[in-house]
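Student: take a look and give me a structure for this.
(chains A and B)
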Amino acid sequence: MTKPKIAFFDLSCCEGCQLQLANMGELLLDVLELVDVVEFREVMSEKWEGNFDVALVEGSVTDDHSEERLKAIRGRSKVLVAFGACAATGGVNGMKNSFDLEEIGKYVYGADHKSFPTRKTRPLHQVVKVDYTINNCPAYIPELVEVLKHILKGLPYAVPDYPVCVECKFNENVCMYERGAACMGPVTRAGCGSQCINNNNICYGCRGMVSNPRENAARDIMAKYNITPELIAKKMEMYNKCREEEKNVKKEHHH
Amino acid sequence: MATHTRYYTLRKDDLNSFIVKLSRDHKVVAPVSKGYGNFAFAEVTSSNDIVLKYIPTILPPKKYFFPQRETILTFSTGRGENAEAILEHEDTVIFGVHTCDLNGIQCLNIVFSERPRDYNYLGRKDKITIIGLECSEYCDKDASCNLMNSNFPNGGYDLFFTDLGDAFMVHVNTQAGEDLVENANLFKPASPEQMAALYSLRDAKRALFKNEVAVDRKDIPAIFDKSENSAVWQKAGEKCVGCGNCTNVCPTCYCFDIADTMNLDLKSGRRVRSWDSCQVEPFARVAGGENFRSGQAERLRHRYYRKFRYSLGKYYRFFCTGCGRCTRACMAGIRLKETLAELVKEAL
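Tutor: Okay, the predicted model is just below:
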């Protein structure tokens, strides 16, 4: 049986999710038993001219060039995977959407900004059909492996649609709100094993929100901790700004 | 064993020797500090880390009977389908279980003994020895253990410890408990003076503990019968963030989900069951997208009815132990005592 041909690509991102794959350690050897990696710029020089069984695309679409690239990759792939927060939900790139594009272009590129035309940040599914989603910033290795197994077996993967609090309680952590810190756990999709809170950090919401987040209740909870509404809004938007565009684009690209 | 005494004493100074001895032959778990005024049952090998005066742990001891996640089956997908049931249990002594949690374990024993019997739960239960620990006063203001009748020992343990100052009074309830006492060689029969001290502690408790919500326990089912459309649910439902903390920390919640996971060989896998929560949005969502409890207020109401009404029809007992965990774990500040008080006020 020939192994499925798998390729990695990156749009606007830090390439940290691809690094997570390279950092798998011995587990990577088991994964490589199952697949034939034909293109992966971060770890190999070879390129592949043909089609892919699976393409994992990291990063978000932030300009016309990346939109064209993504559409071309989609055209060459049987299965397309949104790999990591930037691809899955827009991630931190979404923060750009809070600003005027011309103004933010000037802020980053100064006088040359016209040479770098930019667009509102979009996660992959707002541009093309996405078959599998790997959330998290960076991708969480156990989930990455789980999704790969589902892809290779041709099974759908369901990202948990309950909040991080569930896994956090399973781990019997002291709640961040009891420690006096405002945490995004109550509105953020689980699946990370609450790893940040396990390590004494708050949840930043990198996995995106559950499908029906109880946002008003969450804002009320945060407000009790003497946090300004501006900071609450920033916490909500740090990883989740691209949600705003969801309604406008959904119908266009889903076949 | 020659004596028929059911009450022994253990000097406080001997608690460490007892735990050290126990931990040689068993896994011993007991309440330890997690910081920030929180506690958890965790493995100990001496009494050094054990906190005798603790508010209910983040998770109740149900995690030893019915773990957060457990493999219940392994399988391979090749020809001649292969599946093997997995029953994992470990000889465990749980030390320091409060009476509210003993009540919770009794509730779960009933549920998991129903047919079809749950052998994963019952197998663990057989391997667990329970040492209770009496509360001589309220742990905090969130408890409602008097209302739920779980502030005094009412069975469900092998040994039961009551702190009498320089010694523990120890009630022996089972043969397994008797064996622990005998093997430890540290316990002495209780003297009449010590028995008197136990009775006076209980009298003091009866004076101290009062119904935490002004209602007669036996009136609660009728109140819930009138409250289905109460505005209380809508009000609390708006505050509720739907995180599932209240059910995950509840000593009597037992809902679970089951999912299969493949191993990396893609030929074999395992079936895992994990705690589920009626408070999270996907719980009552079914194929086609229909959700039988799509609003948070309905989900919140459902939880209360599972504790104060439905279980009476099915098991003839309340499934609230008054431990107060759901209140403490609620970031939104939805307090069980307040909700009950509002329902009582409305219904009268």
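Student: and residue A:191, how close does it get to chain B?
Tutor: Distance, residue A:191 to chain B, by CB to the nearest CB, to the nearest Å: 13 Å. Where C-beta positions appear, they are placed from N, C-alpha and C, glycine not excepted.
Student: pretty sure that residue sits against residue A:160.
Tutor: Yes. Residue A:191 is in contact with residue A:160 according to CB atoms under 8 Å; the separation is 4.7 Å.
Student: okay, those two: which has more neighbours?
Tutor: Legend: neighbour count by other CB atoms under 10 Å in any protein chain shown for residue A:191 and residue A:160, higher for residue A:191 (23 against 18).
Student: now that one: which helix or strand?
Tutor: Secondary structure from DSSP states H and E places residue A:191 outside every helix and strand.
Student: and the pLDDT for it?
Tutor: For residue A:191, the model assigns a pLDDT of 97.
Student: which residues of chain A lie near chain B?
Tutor: Proximity of chain A to chain B is confined to A:27, A:30-31, A:34, A:145-146, A:149-150, A:152-153, A:161-163, A:165-166, A:169-170, A:172-175, A:177-179, A:185-187, A:210-212, A:214, A:216-218, A:220-221, A:224 under the rule CB under 8 Å from any CB of the partner chain.
Student: how is chain B carved up into domains?
Tutor: Listed domain ranges for chain B are B:7-68+B:88-208, B:217-253+B:278-347 (source: automatic domain parsing).
Student: now the strands for the chain?
Tutor: Unless you meant another one, I'm taking chain A. Along chain A, the segments classed as strands by DSSP state E run A:5-10, A:36-40, A:52-58, A:77-83, A:132-134.
Student: looking at chain B here, not the other one
Tutor: Under DSSP E, chain B gives strands at B:7-11, B:27-35, B:38-44, B:69-76, B:82-85, B:92-97, B:128-133, B:159-163, B:167-172, B:188-189, B:256-262, B:268-275.
Student: OK, contacts around the nearest residue to residue B:170 once chain neighbours are set aside?
Tutor: Distances taken as CB to CB, 6 or more residues apart in numbering or on different chains put residue B:8 closest to residue B:170, at 4.5 Å, once the chain neighbours are dropped. Contact analysis of residue B:8 by CB atoms under 8 Å, 6 or more residues apart in numbering or on different chains lists B:169, B:170, B:172, B:181, B:187, B:188, B:189, B:190.
Student: quick one: the strands of chain A as CSV, columns for mean pLDDT and mean neighbour count too.
Tutor: Formatted as CSV, those follow (pLDDT from 0 to 100; neighbours: other CB atoms under 10 Å in any protein chain shown):
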stretch, mean pLDDT, mean neighbour count
strand A:5-10, 97, 23
strand A:36-40, 94, 17
strand A:52-58, 98, 25
strand A:77-83, 98, 23
strand A:132-134, 98, 23
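Student: show me which residues of chain B sit near chain A.
Tutor: So chain B meets chain A at B:34-38, B:40, B:58-59, B:63, B:68-69, B:238-245, B:248-249, B:261-262, B:264, B:266, B:274-275, B:277, B:280-282, B:296, B:329, B:331-333 (CB under 8 Å from any CB).
Student: just the buried ones from those, in PyMOL syntax?
Tutor: The following PyMOL line selects those of these that are buried, judged by 16 or more other CB atoms under 10 Å in any protein chain shown:
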select buried, chain B and resi 34+38+40+58+59+63+68+239+240+241+242+243+244+245+248+249+262+264+275+277+280+281+282+296+329+331+332
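Student: next, the angle from the longest helix anywhere in chain B to strand B:7-11.
Tutor: Ranked by residue count under DSSP state H, the longest helix found in chain B is helix B:192-208. Interaxial angle of helix B:192-208 relative to strand B:7-11 (axes from the mean of the first three to the mean of the last three CA atoms, to 10 degrees): 90 degrees.
Student: residue B:317 versus the residue most central in space within chain B, what's the distance?
Tutor: Geometric centre of chain B, nearest residue: residue B:251, 3.3 Å, by CA atoms, centre = their mean. According to CB to CB, to the nearest Å, residue B:251 and residue B:317 sit 13 Å apart.
Student: any common contacting residues for those two?
Tutor: Contact with both residue B:251 and residue B:317 is made by residues residue B:107, according to CB under 8 Å, 6+ apart.
Student: cool, thanks, signing off.
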